[in-house]
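1. Model the structure of this input:
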Amino acid sequence: MSAVGSLIFCNKCGNLLDTVTGESKHIVCSQCSTVYDAKKFAGISVVTTSAEDAFPSSLRSKRSVVKTAINKNELEEGATIKEKCPSCGHDEMQYHTLQLRSADEGATVFYTCPKCNYKFRTNN
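-> Now for the predicted structure:
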């Protein structure tokens, strides 16, 4: 018989065998009647681990990449990047993104020049 985690399978027919109980000396396959010594699998210990994101915390869920509400102050301020303004030539632009099209398409990026207030957008 072979074990995968806490599951024990019959080597002859592949049937899932009953779990080992404290008093059992043998495990008998209900399909092919093959008998196995229960002592070999009496001490099986199964250790499981969860991925870090399996149980999201309420704090982590507040840190979202996708904006769910539009606040005019947030739209005016945005992150700053090294991008040349096409209007005045200033070397920094502020930007923010919004998912305006369907989920399988890229987000729309809105740029604003902090010097001359020139605005434009691109679709990713």
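
2. contacts and neighbour counts: CA atoms only from here.
-> OK.

3. The closest residue in space to residue 24 that isn't next to it in sequence and residue 12: what is the separation?
-> Closest residue in space to residue 24, ignoring its immediate chain neighbours: residue 38 at 6.6 Å, by Cα to Cα, 6 or more residues apart in numbering. Residue 38 sits 16 Å away from residue 12, going by Cα to Cα, to the nearest Å.

4. related to what we said a few turns ago, pop out the phi and psi values for the residue nearest to residue 24.
-> Here is the backbone geometry of residue 38 (degrees, to the nearest 10): phi -70, psi -20.

5. Domain map for this structure?
-> By the assignment in the TED database, the chain contains the domains 3-41, 80-123.

6. could you redo the ones you listed as CSV and give each row distance to residue 58 and mean pLDDT?
-> Listed next are these as CSV, based on distance: least, Cα to Cα, whole Å; pLDDT from 0 to 100:
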stretch, distance to residue 58, mean pLDDT
domain 3-41, 32, 79
domain 80-123, 23, 89
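
7. In TSV: these, plus mean neighbour count.
-> Shown next, in TSV, are those (neighbours: other Cα atoms under 10 Å):
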stretch	mean neighbour count
domain 3-41	15
domain 80-123	15
